[in-house]
Structures are given as C-alpha cells and as structure tokens.
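Chemist: just need the structure, nothing else, for what follows:
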Amino acid sequence: MTRSITNGSSVGIDAIAVHVPRLYMDLCGEWANVRASELGEATVEGLVGKVRKGVGVEQMAIPDAHEDSATLAAMAAVKVIEQAGIDPRDVGSIAVGTETTVDQSKSIAAYVLGMLERRFNVELREAGAPQFQFACIGATYALEAAVNSFRAGEATKPYALVIATDISKYPLRTSGEYTQGAGAVAMLVSKNPRLVALDARVLATITRDERDFFRPNGLSTAVVDGKYSIDVYLDCIAEAARLYVRRAREALELENAGIDDIVDDFLFHIPFPRMAEYAALRVLGEAWRADDSRRAALAATTPLVADPESGGANRRAFEKQLAQDPAFARFFKDRIGPSLSLSRRIGNIYSGSMYLGLASLLEHAEDRAKLRGRRVGFFSYGSGASARVFSGVFVDPESYTPHVRALLAPADEGGGRIPLELAQYERLHGGPAAGDVPLSLVQPAASTVRPRNEFALVRIGTESSPSRTDVGYRYYDWVAG
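Modeler: You can find the predicted model right below:
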C-alpha cells in the first residue's frame, strides 16, 4: 500500500552502511562441544538447539585486538560516505550512539572525525561531534537530534552522520556468552532522503528508572538481571507502541487503525533474534485482543484471546498460544523475519541492532523496489530503561547498496570472514594480562589477523612530562592492505 509522508516532511535516512569485524565465533561447532558440559547441558545438541532456536543465533562477530568501538564506527562511516558518493566535507555533524565507549570524557565521534580527516585528506573541524549514551537506545536519540536539526533549519551542511557502534561482551561460560557480538551501523541524515523519510510528529517515548541492565564504571561486562530485563523491555515497548498508535492515528489521519494497519514492516531492537518475537507477541497480541474482528478470527486457534485475564497473570500463556497461531506465524515471517537474518550471524550490537535490522530487511528483500511507499516502524529500546517507537516511509529503497551479506561470506568463498578457534576467541575475550594496570592503559595485543584496508588502534599513549602528556590517549591509523 502506498503511504503518504506526514505534514510534507522530507527529512530522514539518506543512506546506511554496516561494518562488522572479520573474525567470528561459530556457536554450533567447537564452542558448543566444549561449552555443553561447562554450561550444564546434557548434550551438545541440546546446547546448539538452545542457541539456534531459543536465542536465534548461530555466529557472533568478535573484534580483533586492533579493533574497538571507535574503529568499527569509523569503518562504517567510510562505507556510508563512499557508497552514498558524497563529499565528507558536506557532513555538518557526526553523532555516535554507544554503550561501549573508549573514553570517559572524549566522544568516540571526535576520534572518528580525526580518522575520516586522515582517510579522505579533508578538514572537518566545523563539524559537531557529540556522543549519546543510553544503553541500546543511544543511537536513536542521536538520530532524533540530527533529524530535528534539519527540521528546525539549524543544519549548516547537507548531511549529518549518525553512527551506532558497540561491542557486546559477557563473561565466559555464562548464559550471556552466546548473546555477544560487535559491529557498527552508519547512517547519513538529510533533507529529501533517498532511503527513508521519517514521519514528523509521530514519536512515542517511554522512560523508567530501572536496574534491569547496567555496567558500572570500571567493569568491562554488564550486570544483567535476565528475566527482569526482558519483562522491562516488553512492558516499555508495548506502552510506547500504544502511545505511537494514538499519535499516528491523528497525524497520519488513520482513524481507528491498528498498529499492523499503520506499519507495514516492523523493526524491533534485537539483543537476540528471539527477543524480537517476544516483542512482536506483546505488541501485536495487545492490539489484536483489542480489535473485535481480529479477536474473533483468532478465537479458534488461540482460545485465550477471549480471556480477559490473559492481559494480566495469564498473558504469557496467551502469548505462547499466539506464537503457534498460523496467522501470527505468517505475519512474523513476512513483516518481521527479514529484519532478523543478519543478527543471526553477527550477534548483539547493542545500539546498532535495530538499525542492523533495517539493513537486513533491505539486504533480504526479494525485490527492493516493492518496499517503496511502505511504512517501516522502528521499535527502539535501551535498558535502564527507555523505549521509542517512530516510523518512516521508504522513498527509493533501490538506492541502498547491498554489502553486508558479501561482508559475511567466508574467506574460502571469496569473502573476508575468518572463523576463530575457541582458544583464539578466549584470548581475545580476556584481553592481555594487565596486572594492576587499568585495561584502558594496556597496549593492544598482537592481532589474530593482520589488519588490512581498515582503521586500527595502533598504540595507547604513555608519556607524562612537562612538555607532553598523552597517558591513555588512543592512536588510530589506516592500515593499507
């Protein structure tokens, strides 16, 4: 169905590009064979099934010793600039959303600015370079700020660059280990965007002060209250979705429309692919129970849809029934499933996971031209906790340059991806032996694979003298192939 863009708005995402490390861990091979007994699984097949079906992943991207969230961000930025064919001097601001910052004071965006200047041999000193932090929703706040600068007429250049970059890391031999990942997504924001024009004044935000997931200063891995964290995610995203529908009905002149009437393609925050299913069950389940015709159609296969108590204590039982319903299965496969494919092979990239879903939808569309005019819904979430639901209309989806599936092709098939042995992965996970030295001051270890045609962290400053101080400063360089 062709959709209009609200209020004549023409600001949004002009281009998008993804970068992930070349190294990856296969969760269905050596890792599973070793971890099965360590994690208390009766069989290797049982662990593989839990990972593949229960979580929805098969591989996870792992950064090499020379990579961090700044190098990933810079690589994604180079890609989106080159693919869009723009002059980097036309970028007026560089904003980074992350929860794995490399410095407690300096923005990753400032490091990225320097890397781009050296790579393209240009000067970008007039560009702003802020960093947005709020768990996995930081990049969404960065995107909103960039979009609003254009809508308010404050943008000084044709483009803004928004980058989501993160490295998801959990302790070895825990249930969180197989929800790791690494990567960055870069987006160019502009007026009259080629890719997605974002709907104006159709935005819903819910924020709560929660302890579901956090990473205190000094810790390299997060503190997670797993089941509670999932509950907070679902409650916040469902409340934001209800508020979005109320605002969309008015702004888009779609009286009495349900969320699945308003939105054609759904992008959920994806800490792991199965979580998107839980979120869809909550959002759609509430909407369908409130719609008389939907409720009647579901009654035969999902009896609890008619149970008033299924909105409370029995809600999970209702959602479990709904997950088996053929109508939901078809809906999920067609309107949500394509956004999850890349995450299955990359893992959790925190602030970039929902935007990786956008790239996945574009990469896996049978005919990108058919996306033109469809409304895509963004269901963004960050622990701690904040949810934002907003939407946009595909303008020219054929302007997207497919590149991620080729990026994930293994080296023996002409790609650049390299599998890790378990010992290599564990060495990278643990990092160098730092002793009493803070990890941020430890020099990068030897790379598993020599960097080529990419930015690399080459050294960390150690000098402290009357003439120069750079202790802990991170030095990056472009390493040619």
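Chemist: what about stretch 20-27, distance to the chain center?
Modeler: In terms of Cα atoms, centre = their mean, to the nearest Å, the centre of stretch 20-27 is set 16 Å apart from its chain centre.
Chemist: burial of residue 118, as a residue count?
Modeler: The tally of other residues near residue 118 (other Cβ atoms under 10 Å) stands at 14. Backbone N, C-alpha and C define where each C-beta goes, glycine included.
Chemist: which ones are touching it?
Modeler: The neighbours of residue 118, taking Cβ atoms under 8 Å, 6 or more residues apart in numbering as the test, are 477-478.
Chemist: what comes up buried for the strand or helix carrying it?
Modeler: Per DSSP states H and E: residue 118 is located in helix 108-120. Residues of helix 108-120 classed as buried by neighbour count (16 or more other Cβ atoms under 10 Å): 108-117, 119.
Chemist: got it, and stretch 285-303?
Modeler: In stretch 285-303, counting by 16+ other Cβ under 10 Å, buried: 285-289, 291, 294, 298, 302.
Chemist: which one of the residues you listed is nearest to residue 14?
Modeler: Nearest to residue 14 out of the buried residues of stretch 285-303 is residue 287 (Cβ to Cβ; 31.5 Å).
Chemist: and the pLDDT at that closest one?
Modeler: Per-residue pLDDT puts residue 287 at 95.
Chemist: ok, it to residue 388 distance?
Modeler: Distance, residue 287 to residue 388, by Cβ to Cβ, to the nearest Å: 18 Å.
Chemist: now residue 362. Its backbone dihedrals?
Modeler: phi -70, psi -40 (degrees, to the nearest 10).
Chemist: chain neighbours aside, what residue packs nearest to it?
Modeler: Spatial nearest neighbour of residue 362, chain neighbours left out: residue 400 (4.6 Å); criterion: Cβ to Cβ, 6 or more residues apart in numbering.
Chemist: quick one, what contacts that neighbour?
Modeler: 15-16, 195, 362, 368.
Chemist: equivalent analysis for residue 175, please.
Modeler: Residue 175 makes contact with 39, 226 under the criterion Cβ under 8 Å, 6+ apart.
Chemist: just say helix, strand or coil for it.
Modeler: Using DSSP: H, G, I helix; E, B strand; the rest coil, the structure places residue 175 in coil.
Chemist: any idea what residue 160 is bridged to?
Modeler: Bridge pairing for residue 160 (DSSP bridges) gives the partners residue 93, residue 189.
Chemist: mind putting the contacts of residue 400 in TSV, neighbour count included?
Modeler: Listed next are the contacts of residue 400 as TSV, based on neighbours: other Cβ atoms under 10 Å:
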residue	neighbour count
15	24
16	25
195	24
362	24
368	18
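Chemist: mind listing which of the residues you listed are in strands?
Modeler: Members of the contacts of residue 400 lying in strands (criterion: DSSP state E): 15-16.
Chemist: and the contacts of residue 400 as a markdown table, adding pLDDT and distance to residue 56?
Modeler: As requested, the contacts of residue 400 are exported to a markdown table (pLDDT from 0 to 100; distance: Cβ to Cβ, whole Å):
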| residue | pLDDT | distance to residue 56 |
| --- | --- | --- |
| 15 | 98 | 28 |
| 16 | 98 | 22 |
| 195 | 98 | 26 |
| 362 | 98 | 20 |
| 368 | 97 | 24 |
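Chemist: closest one of the contacts of residue 400 to residue 228?
Modeler: For the contacts of residue 400, the nearest to residue 228 is residue 16 (32.7 Å; Cβ to Cβ).
Chemist: can you tell me the closest non-neighbouring residue to the closest one?
Modeler: Sequence neighbours aside, residue 187 is the residue nearest to residue 16 in space, at 4.9 Å (criterion: Cβ to Cβ, 6+ apart).
Chemist: picking that back up, just the ones of the buried residues of stretch 285-303 in helices?
Modeler: 285-289, 294, 298 (DSSP state H).
Chemist: which two in those are spaced the farthest apart?
Modeler: 286 and 298 (12.7 Å).
Chemist: with distance to residue 177 added, can I get the ones in helices among the buried residues of stretch 285-303 in TSV?
Modeler: Below are those laid out as TSV (distance: Cβ to Cβ, whole Å):
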residue	distance to residue 177
285	30
286	33
287	35
288	36
289	36
294	39
298	37
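Chemist: looking at the residues you listed, spot the one nearest residue 201.
Modeler: Ranked by distance to residue 201 (Cβ to Cβ), these are led by residue 287 at 21.3 Å.
Chemist: residues contacting the residue nearest to residue 16?
Modeler: Per Cβ under 8 Å, 6+ apart, neighbours of residue 187: 13-16, 80, 143, 161-163, 355.
Chemist: most neighbours among those, which one?
Modeler: Ranking the contacts of residue 187 using other Cβ under 10 Å puts residue 163 first, with 33 neighbours.
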